[in-house]
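J.: structure here, sequence nowhere to be found:
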């Protein structure tokens, strides 16, 4: 049992945890996006309300939400640990090395893009989860979403956050598979391509919603 704890506390152990939780969170994004696409139906939000009610009252979904929260917490916690360890290991940047020549922009900004996405997540949860599930709101979930997306400040912040999410996913997707040892000259280009597609399509899908409601509603 002790060796498991030692391994999970090692650098590679924490990287594996970050990779697995990252892939898990990517699967959540796909599910969340598919549900949110119901906003585009021409039914005055009826289908989205049915979906929202199911997500907030189903016991199994409630249990999965706990797992999702733990996934976020574990991912963030271990990312912070790795970042601090890297800074302690190299407190002074190499004078000779140029960051732009040794790493990509997305890899150099992973920590910061992650923090900004986390800030967005907190605001997002406050706007919907807290207001509807904890405090209670006179508006339906559909009405809340439409009103917030029609707000240029919130809508603009939402779109900006999706751009940051795309940058975060672009490096994180490929990095997760590399950490798990899934490197092969035949399959690595495919993984990179799928990662690029995922990091474009998913954030663009989310960003299309505030843009649509701001322009057409």
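T.: Yep, that arrived. Quick caveat, the model's predicted, so the values are computed rather than measured. Residues are numbered from 1 along each chain as shown.

J.: show me which residues of the longest helix seen in the chain are buried.
T.: With DSSP state H setting the assignment, residue counts place helix 59-89 as the longest helix in the chain. When burial is assessed from 16 or more other Cβ atoms under 10 Å, helix 59-89 yields the following buried residues: 65, 68, 71-72, 74-76, 78-79, 82. Bear in mind the C-beta positions are built from the backbone N, C-alpha and C, glycine included.

J.: stretch 137-155 too?
T.: Of the residues in stretch 137-155, 140-142, 144-146, 148-149, 154-155 count as buried by neighbour count, 16+ other Cβ under 10 Å.

J.: what about the strands in the chain?
T.: For the chain, no strands turn up when DSSP state E is the criterion.

J.: let's see the pLDDT reported for residue 55.
T.: pLDDT for residue 55: 90.

J.: which residues touch residue 110?
T.: By Cβ atoms under 8 Å, 6 or more residues apart in numbering, the contact list for residue 110 reads 168, 171-172.

J.: oh, I was asking about residue 191
T.: Taking Cβ under 8 Å, 6+ apart as the definition of contact, the neighbours of residue 191 are 173-174, 177, 182.

J.: in ChimeraX, how would I select just the buried ones from the residues you listed?
T.: Here is the ChimeraX command that selects the buried residues among the contacts of residue 191 (16+ other Cβ under 10 Å):
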select :173,174,177
